[in-house]
Structure formats: structure tokens, C-alpha cells
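Asks: Turn this into a model:
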Amino acid sequence: MNPPKSPLRRIAAIAAGALIGLVGVGALAAPASAHHPEPSGTYCLAADGLTTVTWKVGNSENITAEVTALTSTVPNEFRDGNLAVGATLPKKGDGFLTATQTHRFTERKPKIELTVEARWVRPNRIVTEHRTVAAKPAGTCAAQPTTPPASPTPTATPTVSASPTPSVPASPSPSATTVSPTPTQSPSETPTAPSVPVEPVGTVESTCDKLTFTVENPADGETVTLTLTPNKGEVKTLTVKPGETGSVSFPATEGLTVTPAADGLDDTEPIAWEKPAECDGQGGGLPLTGANTTMIAGGAVVLLAAGAGLFVMARRRRLRFTV
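Replies: Coordinates of the predicted model:
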């Protein structure tokens, strides 16, 4: 006779199945929010006061991206490298984009920062994300080697026969000449990078049926009030207190654009809803009916039973609002 099965075994099996499902969901959803450029920078100061900044930008993903925007607080242009708007950002592990900038700052603590925006295209989503980095001091710039001018070849001096020299009494020893030492130039003070203010992070997510704006406000930040004006529909206001996260959504329709506005927000360009490639005509159109709807509903039940919250995490297009 078989002994009755322990209820603990059944509970353990259910828990293990749920854990496997959650791990799988996390593995699928994680790449959606990971896309971002990885900029870094250093700067050095020469004896003549010229500051040289070296920038380097990497990629967080295993696919290439396109650099869509570059903003530097150093006024001079990028040179000596391949970092530029429109450049292809190599995939992770395949190298970096680099460039240098030079400038003579008049302020004691100049702001040396770089903002890089890049765009990744995947079959089910289009991700645009930017990052801002402050360059770190790297001491005094190495002196550039100089090549001394070539000395001319001396001409041969004709030989002159020596004539008898009359004896001359020895002259007294000359007095020692005192030479004043040349004062050494004290090195210029290296400007220190200012601390980067803590900023809220805004995410714009385009899915097949809606355009969602999310603001994550750090605990030590200030209250953020964001006004979102669509070209179709009603204006919405999003207020997020420090340490909180808030979001609003607009129904996805062809041609939808939403203009963000907030105190201190520099980029107020309209943001357009972008239709992912795998929507198959769903976004902005009529809802699916019939057998396809039944299959989709059945699949949704299976995902819910496995503990999947995939729709919360997937298909993100991230954007940072500087407020």
C-alpha cells in the first residue's frame, strides 16, 4: 500500500514551479530596461592653462546603437577620435567611441560634463536612452616632446702658424659672478569637477496600445510636476514626490505626440509614439476578435499563473528629464 503523499511536497513543488517562472520572466524582461550608453571622461591641465578632456563611450548591449545626440559643456569641438552624432556605437566588448576637447577655462571650478544619447532598434521595441557623466581630474598633462633644430655643420678653420708670444704677468683671479636663479613657474591649479546633482529619471515606453510616461524621483530630490500635452486628447499632469514613482499613459494612435513641460526641463521637444515592429497592425487600430483573441487570452492566463509581470518591465524607451 502506498503511503499518502505529504502536502508539504505539493507545496514545495508549486513553489519551485513559481520560482522557475519568475526567473524566466526576469531573464526575458531585464534587457528592456538595460539599454544605455556608458560614457566616461578625464581631464588634465597644462602649464599654460589649457585643459584637455578625453571622452570615451561604451555600450551596455550586445547589439550596436546609433549616437543620436551629444552635448558637452566644453565649448570647443570634438577632435582626435570617432565620437560624433550619427556614429555607430560598437556592441559591448567590441570597443569604444573616443574624442578629445581642449579649452582654457576662466572659472576656478568649471563644469566639465558630457551627455550622450543613443538609439537601439530591436524587433519588438525601439529604445532611446541618454546618460550624463562628469569628467574626473587626471592631474597635469604630459609635456609634448619637442625636436631641437639641427645645428649646422661647422666649417673647417685654416691652420695658423704659432708666433712667439711674449710672457705676460699673471693677472689676478677674477671675482666670482653671482647668477640669480630663474624662478620656477608654479603649476596652475587643476580645476576640480563639480558634484553632479541628483536628478529624477523619466522613462517613455511605447507599446502596441499606449504611450506611457514614468518618473522615478530620488529620495533626496524635490517634488517634480510634469505637464504632458498631447496633440490629441486631454492634457495630463504628473506630480511625483521625493522617493516616489508615478506614471500616466495615453492611448496609442498613429501620429500621436506628447510635449512634456516642467520647471527646469531643457528638452521640451514633442515625443512621438513609436510603433514596435512586432505589433502586427495592433497599435492604433481596431482590437482583435475571434479565435486570435481566445488564444491570446489563454496565453495570458498561463503567464499569470506563472507569476509573470512582463508587461510592467518590457519594451521600454527610457528618457531622463532634467528637472
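Asks: so where do the strands sit in the stretch 151-300 of the chain?
Replies: Remark: strands assigned in the stretch 151-300 of the chain by DSSP state E, counting those that start in this stretch are 201-206, 210-216, 224-230, 236-240, 245-251, 257-261, 271-272.
Asks: Quick check: chain neighbours aside, which residue is closest to D80?
Replies: In space, and not counting its chain neighbours, D80 is closest to T100: 4.7 Å by CB to CB, 6 or more residues apart in numbering. For glycine as for every other residue, the C-beta is placed from the backbone atoms N, C-alpha and C.
Asks: Need the residues that contact the strand or helix carrying that neighbour.
Replies: For T100, the host element (DSSP states H and E) is strand 97-103. If you take CB atoms under 8 Å, 6 or more residues apart in numbering as the criterion, strand 97-103 is touched by 50-57, 67, 72, 74-84, 87, 89-90.
Asks: what about burial for those, which qualify?
Replies: Buried by 16 or more other CB atoms under 10 Å: 51-57, 67, 72, 74, 78, 81, 83, 87, 89-90, out of these.
Asks: Among these, which one sits closest to F250?
Replies: Nearest to F250 among these is V67, at 28.3 Å by CB to CB.
Asks: And for the residue nearest to D80, the neighbour number?
Replies: Residues near T100, counting by other CB atoms under 10 Å, number 17.
Asks: Which residues does it form beta bridges with?
Replies: T54, R79 (DSSP bridges).
Asks: and the gap between it and G81?
Replies: To G81, T100 is 6 Å away according to CB to CB, to the nearest Å.
Asks: what's the overlap in contacts for those two?
Replies: Contacts common to T100 and G81, judged by CB under 8 Å, 6+ apart, are W55.
Asks: on that earlier part again, which ones among the contacts of strand 97-103 map onto helices?
Replies: Within these, no residue falls in helices by DSSP state H.
Asks: per-residue confidence at the closest residue in space to A84 that isn't next to it in sequence?
Replies: Excluding the flanking residues, the one nearest A84 by CB to CB, 6+ apart is F78, at 6.5 Å. Per-residue pLDDT puts F78 at 96.
Asks: mind giving me the domain ranges of this structure?
Replies: 29-142+189-196, 198-323 (automatic domain parsing).
Asks: in the stretch 1-150 of the chain, what spans have low per-residue confidence?
Replies: 1-34, 144-150 (pLDDT under 70).
Asks: quick one: the strands in it?
Replies: With DSSP E, counting those that start in this stretch as the criterion, the stretch 1-150 of the chain has strands spanning 37-45, 51-59, 65-72, 88-89, 97-103, 113-122, 125-134, 136-140.
Asks: nearest to E254, of the ones you listed?
Replies: strand 125-134 (15.5 Å).
Asks: Output the closest one as CSV, restricted to C-alpha atoms.
Replies: Output in CSV follows, covering the C-alpha atoms of strand 125-134 (Å, rounded to 0.1, in the frame of the first residue of the first chain):
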residue,chain,number,x,y,z
ARG,A,125,10.9,47.8,-29.4
ILE,A,126,12.9,50.9,-30.1
VAL,A,127,14.9,52.2,-27.2
THR,A,128,16.4,55.7,-26.9
GLU,A,129,18.4,56.5,-23.7
HIS,A,130,20.9,59.0,-22.7
ARG,A,131,23.4,59.3,-19.9
THR,A,132,25.4,62.3,-18.4
VAL,A,133,28.8,62.0,-17.0
ALA,A,134,31.2,64.4,-15.3
